[in-house]
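# any chance you can model this:
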Amino acid sequence: MSNISNLTGRAGEFLCISEFMRPVAGARFLFDAYLLSYNAPTLDYIVYLVDANGDRTGPFFFVQVKTTSRTPAVGMGYSVKFSLDDVKRAQATKVPFFLCVVDRAVNGGEVLY
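Residues are numbered from 1 along each chain as shown. Got it, this is the predicted structure:
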């Protein structure tokens, strides 16, 4: 994998998690997210729910981030591949698992799904 691919992926991970870490209702946060590792298989972030006192509950869910610089053709979805081992690892967590796609092909920005 090229360094550009690695940098694109890492940038997408930071963009995604900054959305989860955005404060709501003033300075209150709903989520506290931790990067598992740049080389962690299947899961990029573990996300905890934060209550009104700032205490964490969880893990609340896991997130895998996929970043692309190529928007798919109209009517087609994003091509995201997971191995059977990836699926088994995600199922074994017994915690909800979400995929965040970061499309960086948008002029002047990005779109998160």
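
# partner strands of the longest strand along the chain, with direction?
Longest strand in the chain by number of residues (criterion: DSSP state E): strand 56-68. The pairing partners recorded for strand 56-68 under DSSP bridges are strand 45-50 (antiparallel), strand 97-103 (parallel).

# can you tell me what sits against the longest one?
Where contact means Cβ atoms under 8 Å, 6 or more residues apart in numbering, the residues beyond strand 97-103 that reach it are 11-12, 15-16, 43, 61-68, 71, 78, 80, 90, 110-113. C-beta here means a position set from N, CA and C on the backbone, and glycine is covered the same way.

# for the helix or strand just after it, what is the average pLDDT?
From strand 97-103 onward toward the C-terminus, using DSSP states H and E, the following helix or strand is strand 111-112. Across strand 111-112, pLDDT averages out at 88.

# packing partners of strand 111-112?
helix 3-20, strand 97-103 (3 or more Cβ pairs under 8 Å, 6 or more residues apart in numbering; DSSP states H and E).

# centre-most residue in the protein?
Centroid-nearest residue in the chain: residue 65, 3.6 Å away (criterion: Cα atoms, centre = their mean).

# tell me the contacts of that one?
Residue 65 neighbours (Cβ under 8 Å, 6+ apart): 9, 12, 13, 16, 17, 44, 45, 99, 100, 101, 102.

# can you give me the buried ones in the strand or helix carrying residue 85?
Element membership for residue 85, per DSSP H and E: helix 84-92. For helix 84-92, the neighbour count (16 or more other Cβ atoms under 10 Å) marks 89, 90 as buried.

# output it as CSV, nothing but the C-alphas.
Extracted C-alpha coordinates of helix 84-92, given in CSV (Å, rounded to 0.1, in the frame of the first residue of the first chain):
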residue,chain,number,x,y,z
LEU,A,84,-14.5,-13.5,6.4
ASP,A,85,-12.1,-13.1,9.3
ASP,A,86,-13.0,-9.4,9.5
VAL,A,87,-16.7,-10.2,9.7
LYS,A,88,-16.1,-12.9,12.4
ARG,A,89,-14.0,-10.5,14.5
ALA,A,90,-16.7,-7.9,14.3
GLN,A,91,-19.4,-10.4,15.3
ALA,A,92,-17.3,-11.7,18.2
